[in-house]
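>>> Provided below are the primary sequence and the corresponding predicted coordinates.
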Amino acid sequence: MSCPRITEMMSLAFDGETPDEQRVLQEHLAECGECAAEWRALQIVDRMLVQVKPVEPPTMLAARVMQGVARHEQQQARLRLGARVLYALLGMLALAAAPVLVVFTLVRENPMLAETLLGLYAHSLALVGAVTGAIEIFARAALGDQIAMLALCWALFCAVLVLGSLRLLTVARSNGLGA
């Protein structure tokens, strides 16, 4: 029998072995001094390991791990919320581009109307930029109830757009451009 097989049998002997395996191991150890020395060393290590008491993990370890998991889940939720807000803003931008194309088509024949509408459009873009900045500030401040903060930001955004649109209509009518 080769020594690697006996080394494996030595490891298995600590888990319990059959009488035949015990006999084969003892016969080999009687003949091979190198394996006998390794067997004695393994027995010493086994006795030492039996005396070692298991180490208890710190009492707060599980709580800290779960807090880390919760923080990670919150970060992932914030990222998903941010992606949704970005997609909504991009959708609104696409919706805003369509009327601009229509207006440019209509004002080709009236340069004065085109100039006025371009100025109004520039002011509208500035307004949307300011509102977007305000939404970003609100969103960054929202660490607790994100749904309520998102609803507040949306309401603010809608209110500013409605008020801005009313102002633009008033300016256009006062210049004799409105219906």
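Sure thing, it's come through.

>>> Ser174: neighbour count?
9 (other C-beta atoms under 10 Å). Backbone N, C-alpha and C define where each C-beta goes, glycine included.

>>> oh sorry, the question was meant for Ile6
So Ile6, with other C-beta under 10 Å, has 19 neighbours.

>>> what's the answer for Gln51, then?
6.

>>> ok, now Val162?
10.

>>> separation between the most centrally placed residue in the chain and Val65?
With distances taken as C-alpha atoms, centre = their mean, Gln76 lies nearest the centre of the chain, 2.9 Å away. Using C-beta to C-beta, to the nearest Å, Gln76 is found at 17 Å from Val65.

>>> again with Ala155
Separation of Ala155 from Val65 (C-beta to C-beta): 39 Å.

>>> what do you get for Gln22?
Going from Gln22 to Val65 by C-beta to C-beta gives 44 Å.

>>> Give the buried residues for stretch 48-55.
When neighbours are counted by 16 or more other C-beta atoms under 10 Å, no buried residue of stretch 48-55 is found.

>>> Kindly report the same for stretch 35-48.
Taking 16+ other C-beta under 10 Å as the criterion, stretch 35-48 shows 35, 38-39 as buried.

>>> can you put these in TSV and add pLDDT and secondary structure?
What follows is the buried residues of stretch 35-48, written out as TSV (pLDDT from 0 to 100; DSSP: H, G, I helix; E, B strand; the rest coil):
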residue	pLDDT	secondary structure
Cys35	86	helix
Glu38	87	helix
Trp39	86	helix
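
>>> from the residues you listed, which single one is nearest Leu89?
Comparing those against Leu89 with C-beta to C-beta places Glu38 closest, at 70.6 Å.

>>> Return the residues in contact with the closest one.
7, 10 (C-beta atoms under 8 Å, 6 or more residues apart in numbering).

>>> please redo it, this time with the cut-off set to 7 Å
In this structure, Glu38 makes contact with Met10, judged by C-beta atoms under 7 Å, 6 or more residues apart in numbering.

>>> Three-state assignment for Glu56, please.
coil (DSSP: H, G, I helix; E, B strand; the rest coil).

>>> helices or strands up against the strand or helix carrying Gly91?
Per DSSP states H and E: Gly91 is located in helix 61-106. With contacts defined as 3 or more C-beta pairs under 7 Å, 6 or more residues apart in numbering; DSSP states H and E, the packing partners of helix 61-106 are helix 111-141.

>>> could you give me the average pLDDT of the helix it packs on?
For helix 111-141, the mean per-residue pLDDT is 71.

>>> can you check stretch 4-18 too?
74.

>>> What of stretch 71-86?
pLDDT averaged over stretch 71-86 gives 87.
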